[in-house]
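Enquirer: A structural model of the following input is requested.
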Amino acid sequence: MIARLVVQTVLWLASMGVLLFGAAGTLAWPAAWWYLIELGGLSLWIGVWLAHHDPGLLAERLAPFVQNQQSRWDRLFMMGVALVWCGWLIAMGLDAMRFHWSAPLPVALVSLGSLCVFLCIFMCRFVFRANSYAAPVVKIQASRGHKVIDSGPYARVRHPMYAAALLFFLGTPLLLSSWWGLAFVPVMVIGLGWRAVREERLLAAQLDGYTNYMARVRFRFIPFIW
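Expert: Have a look, this model is predicted:
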């Protein structure tokens with residue numbers, strides 16, 4: 001399992017590097033190198049932790065993003081995510097390095113971006129500790145005894161991992177010093193919100209107790225806001 005984690009992480013980082021540096025037209029982009037190193041190190045850290053504490057969840061996290069068990073709408077959503085993700089990385093490379101459409105961001109904002117990326121992964125550890133069913137795809141994991149989780153961060157919001165992703169969406173373009181990258185963020189947040197609503201409909205229909213959970217925990221992403 002660890003070997004598979006390492007291989008998939010390396011391939012994922014390599015593909016991101018091709019998009020970022022290819023669009024930038026240069027390898028002399030320290031912020032992008034730091035971004036990949038930070039993301040890779042944090043991903044391996046949380047993956048190794050999962051391998052020891054919840055190998056079943058790690059297997060789910062390493063599974064393909066398009067699966068037969070998914071609803072058709074979620075398969076289409078994940079394919080759309082892949083396209084937007086690639087376009088996002090390319091846009092930031094073109095913006096920050098090749099054409100310099102954006103003026104360099106202050107060091108404080110770049111540092112804030114790095115902190116946001118760290119906090120996203122750090123928060124995900126608490127999510128994974130509370131919820132062994134936090135797969136990257138929307139499906140009912142009947143074979144693993146899927147049940148409603150209402151402890152830890154799930155006692156505050158219904159989608160704490162999506163809440164963590166908001167930090168990642170903000171932190172990535174700040175770290176890479178791209179205002180064009182920030183322009184993508186509202187679209188990505190709307191997409192994530194749409195998925196959360198569709199996911200809740202599926203869970204309410206197919207997972208015992210989820211409707212009662214929704215009544216107890218009112219907010220999806222951010223307490224007192226949404």
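
Enquirer: Contact partners for Pro223?
Expert: Taking CB atoms under 8 Å, 6 or more residues apart in numbering, we find Pro223 in contact with Arg156, Val157. Where C-beta positions appear, they are placed from N, C-alpha and C, glycine not excepted.

Enquirer: Next, it: secondary structure please.
Expert: Secondary structure, DSSP: H, G, I helix; E, B strand; the rest coil: Pro223 is coil.

Enquirer: So which residue of this protein lies furthest out from the middle?
Expert: Most distant residue from the mean C-alpha position of the chain: Phe99, 27.8 Å away (CA atoms, centre = their mean).

Enquirer: Tell me who's in contact with that residue.
Expert: Contacts of Phe99 (CB under 8 Å, 6+ apart): none.

Enquirer: Repeat that for Trp29.
Expert: With contacts defined as CB under 8 Å, 6+ apart, Trp29 is in contact with Leu20, Phe21, Gly93, Ala96, Met97.

Enquirer: Compute the distance between it and Trp88, please.
Expert: 16 Å (CB to CB, to the nearest Å).

Enquirer: just checking, Trp180 touches Arg98?
Expert: No. Applying CB atoms under 8 Å, one finds Trp180 not in contact with Arg98, separated by 11.5 Å.

Enquirer: The two: which is more packed in?
Expert: More crowded of Trp180 and Arg98, by other CB atoms under 10 Å: Trp180, with 17 against 14.

Enquirer: Out of the contacts of Trp29, which end up buried?
Expert: When these are checked for burial by 16 or more other CB atoms under 10 Å, the buried set is Leu20, Phe21, Gly93, Ala96, Met97.

Enquirer: what about Leu182, neighbour count?
Expert: 19.

Enquirer: what about it, which helix or strand?
Expert: If you go by DSSP states H and E, Leu182 is part of helix 179-206.

Enquirer: for Leu175, what are its contacts?
Expert: Leu175 touches Ala31, Trp34, Tyr35, Val110, Gly113, Ser114, Cys116, Val117, counting by CB under 8 Å, 6+ apart.

Enquirer: Kindly indicate which of the residues you listed lies nearest Ile46.
Expert: Val117 (12.7 Å; CB to CB).

Enquirer: does the closest one really touch Tyr35, like I thought?
Expert: Yes. Contact status for Val117 versus Tyr35: in contact at 7.3 Å, counting by CB under 8 Å.

Enquirer: quick one: common contacting residues for the two?
Expert: Thr172, Leu175.

Enquirer: mean confidence for stretch 25-42?
Expert: Taken as a whole, stretch 25-42 has a mean pLDDT of 98.

Enquirer: quick one: the helices in the protein?
Expert: 2-24, 30-53, 55-62, 72-93, 107-130, 160-175, 179-206, 210-216 (DSSP state H).

Enquirer: Apart from its chain neighbours, what residue comes closest to Gly152?
Expert: Ala130 (3.1 Å; CB to CB, 6 or more residues apart in numbering).

Enquirer: I'd say that neighbour and Ser151 touch.
Expert: Yes. Using CB under 8 Å as the test, Ala130 is close enough to Ser151 to be in contact (5.5 Å).
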